[in-house]
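**Q** Give the three-dimensional model of this entry:
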Amino acid sequence: MPYIALDTETTGTDLFHGDSPFAVSTCDEQGVTNLWEWPVDPHTRQPKAPIEDLIEICQYIRGSVLVFHNTKFDVQALRNLGIRLQFKSVAPHIDSTWATAHSINHADTRCITTLEGFEDTLLASHVCDSEEPHGLKWLSASYLDIMADDEDELLDAVRAARRTAKSRGWTLGQALGNVSSIHCDYWLPKAVDSSSSVLERYATQDAVRTMLLWKMYQQVLQQEKLEHQYAIRKCLVPITYRMETRGVTVKPRILKDEIERYEVIAEIEEEKCSQLVMDKNFLDEDLNVRSSLQLQKVLYGDLEATGSRGRGLGCPAIVLTQTGLPSTSAATLLDLYNNHVGARSKAREFLGSLLRFRKNQTCAQYLISYQGLVKKSGGRHILHPSFNQTGTRTTRWSSSNPNGQNIGSGGKDEFGNETDDYCLRDVFGPDSSHIWFAADYSQLEMRILAVLAQEDRLIEAFKNDEDIHSLTADLCGITRKAAKGVNYGIIYGAGQAKLQQMTGKKDFNRIFKDAYPGVSKFMAATTKQVTKKGFVKTLGGYRLIVPENKPYIGTNYTIQGSAGDILNLAMIKLSAWLNPDDDHPQNDFAHLIMCIHDELVFEFKKGKTRHAPKTIKALMEESGTELGVSTPVDVKRIPSRWSMGKVLNL
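**A** The predicted structure follows:
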């Protein structure tokens, strides 16, 4: 079967808000290239692709294996253009219609084409070396000696064309967040000068890069016995594509109200800061709470002044920046507030208002960014997050637009205390005809650590459903709050100095070693392995490269990577159950819509949820068991807001 590398050039990266391809390039195994390029309306920014060209592309690629560098982006881009791809199944129970789901109105049946399969050099890059960059240009320069001079030439031409376009009143490109982006205007040189060929060279070279990289990765995957891990990553592509396409429903009224609430609180706290500074006459001008220079003068004093201005609020300079000035970072301000100023001092009053301002302002900014990403579809208001398999150095996923890791369930307030006041999940939830279930692994990383380290005390404690943080507190003679910080600090690579700071004990390294000898031995053995081999392997067998100068991070990579393995396996199992096929025809009313941290979120039609929570729980726990970890799962029923789910007794 023929292999054809395919790449799209689009008017932007926001494919769910109108961006679309204006060029498609291909390269076959013999290096023969093709390019289809179309004009773009300079005002609407919509390409004008003749149906004859779309049919020609479909006929050309039909029956081949397509090679992409980021499959789901190019599949979605082609879908926006009117081309629907149908791949033969990549695995049992992952149906071949995933890329044709939710067909678009202007699609022509002649533009549906069947392919033998797909390959992805982006995924292959991560499987072969999880630590290095995975961008197409970087990989090509590093392994193929193909420099990015074609891109440099195109960017120069785009800059010149943008000046002309601006004078003509054309609409220039904007990235997500309405930020001007030169990379959204690759079509402009040809629009300004019809004889320009810079885009042709660039687009075809990208297809060549992709094909040559795939030829290289084919050999590397085989030689280093990484084909199984690569196959798993391919299985996840249809799952992520479906998640992104389905999207997440937002409550627009609640979103608006929450933005206003955070902004009002931020404004009140900002005014308190300004009034205190004015009363003390610390500055000649009005206070700008976003100015580090002004905050330094207020908190630590103005070195060029005398009297009250010279002293400021009298805070000690506990942390200095690289330039030698006192820090105004969030961590430093919190440390000052908690440990270095009087309980009734003006410094504490100012720091409290400043911290509250920053927390509420940050929450408002997050929600405003969500508001700009919402798309109205029928009666639903939807966000289409991007889920990236290669976005971390482990097997964990990252997400963007919005970053799901920042969608807090409450967590900590501005002073580091547990709270529900800053719950951004309030604005998400099912519409009136659906219901959500959120399934969350319980202390997944700690359970993995217990198994990897064969730490009997931890294993027994989990078996008896004990409070792990209280256990650590008792064994180490510290508070539960400090113990929780220690437990997660170990996972995330906290050093000896950090652990001592958390606990206030200078000999804490010895204390922890006595409490959990298995964990200490595991960490030492992992560091030794990294020093010798340069990598670790997860419970699922995924090889993760560890930086030479940071061998201690191997512990974190192993734990995080193993957690990612369990979640990935769970998603594959759940996808087989959720998606309709001959064995599961009843499940066309359910969708997996999010993967955030250790939590999977599902959307079901009301009245169609029989046995769903139990099945979700069973399949997720089964995924942990298959990799040797007992992983209890809590399932919440969410009828309205994501933040208000109730744990089900299953």
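
**Q** burial of Gly628, as a residue count?
**A** Using other CB atoms under 10 Å, Gly628 has 13 neighbouring residues. C-betas here are computed from N, CA, C, even on glycine.

**Q** okay, it: pLDDT?
**A** Per-residue confidence (pLDDT) for Gly628: 96.

**Q** Kindly report the same for Asp284.
**A** 88.

**Q** Backbone dihedrals for it, please?
**A** Backbone dihedrals for Asp284, given as degrees, to the nearest 10, come out at phi -80, psi -30.

**Q** same question for stretch 470-486, mean pLDDT?
**A** 93.

**Q** Start and end of it, how far apart?
**A** 12 Å (CA to CA, to the nearest Å).

**Q** Next: stretch 116-135.
**A** End-to-end distance (CA to CA), stretch 116-135: 26 Å.

**Q** what about Glu603, is that helix, strand or coil?
**A** Secondary structure for Glu603, judged by DSSP: H, G, I helix; E, B strand; the rest coil, is strand.

**Q** Does it touch Met594 like I think?
**A** No. Counting by CB atoms under 8 Å, Met594 is not a contact partner of Glu603; they are 9.1 Å apart.

**Q** Looking at the two, which has the bigger crowd around it?
**A** Met594 (24 against 21).

**Q** May I have the beta-bridge partners of the more buried one?
**A** Per DSSP bridges, the residues bridged to Met594 are Val601.

**Q** could you check the distance from it over to Ser399?
**A** 8 Å (CB to CB, to the nearest Å).

**Q** Need the overlap of contacts for the two.
**A** Pro385 (CB atoms under 8 Å, 6 or more residues apart in numbering).

**Q** Poorly predicted segments of the stretch 1-150 of the chain, please.
**A** Along the stretch 1-150 of the chain, the parts satisfying pLDDT under 70 run over 89-97, 100-107.

**Q** what's around Pro133, how many residues?
**A** The burial count for Pro133: 12, using other CB under 10 Å.

**Q** which residue packs closest to it, ignoring adjacent ones?
**A** Leu139 (7.5 Å; CB to CB, 6 or more residues apart in numbering).

**Q** wouldn't the one you found be in contact with His126 here?
**A** No. The criterion here is CB under 8 Å, and Leu139 misses it with His126 at 10.9 Å.

**Q** give me the element the spatially closest residue to Leu458 that is not a sequence neighbour is part of.
**A** Leaving aside its sequence neighbours, Leu458 sits nearest to Ala450 (CB to CB, 6+ apart; 3.7 Å). Element membership for Ala450, per DSSP states H and E: helix 444-453.

**Q** what about the residue nearest to Ala612 when sequence neighbours are not counted, neighbour count?
**A** Counting by CB to CB, 6+ apart, Ala612 lies nearest to Phe604, which is 5.9 Å off, once chain neighbours are set aside. Residue neighbour count, defined by other CB under 10 Å, stands at 20 for Phe604.

**Q** does Phe604 really touch Phe589, like I thought?
**A** Yes. Shown here, Phe604 and Phe589 form a contact pair, counting by CB under 8 Å, at 6.4 Å.

**Q** Tell me the secondary structure of the nearest residue to Tyr143 once chain neighbours are set aside, please.
**A** Spatially, and ignoring its direct neighbours in sequence, Tyr143 is nearest to Met216 (6.1 Å; CB to CB, 6+ apart). Here Met216 is helix, with the state taken from three-state DSSP.

**Q** Run a quick check on Met216 versus Asp145, I expect a contact.
**A** No. The pair Met216 / Asp145 is not scored as a contact, 11.8 Å apart, by CB under 8 Å.

**Q** more crowded one of these two?
**A** Met216 (16 against 7).

**Q** Please determine how far that one is located from Thr625.
**A** 37 Å.

**Q** from what I can see the residue nearest to Leu458 touches Lys463, true?
**A** No. Using CB under 8 Å, Ala450 is not in contact with Lys463, being 9.8 Å away.

**Q** More neighbours: which of those two?
**A** Ala450 (26 against 10).

**Q** Only the buried residues of stretch 437-450, if you could.
**A** 437-441, 443-450 (16 or more other CB atoms under 10 Å).

**Q** my bad, should have said stretch 457-475
**A** Buried, per 16+ other CB under 10 Å, within stretch 457-475: 457-459, 461-462, 468-469, 471-473.

**Q** Between the two ends of it, what distance do you get?
**A** 10 Å.

**Q** got it, and stretch 334-343?
**A** With CA to CA as the measure, stretch 334-343 spans 13 Å from end to end.
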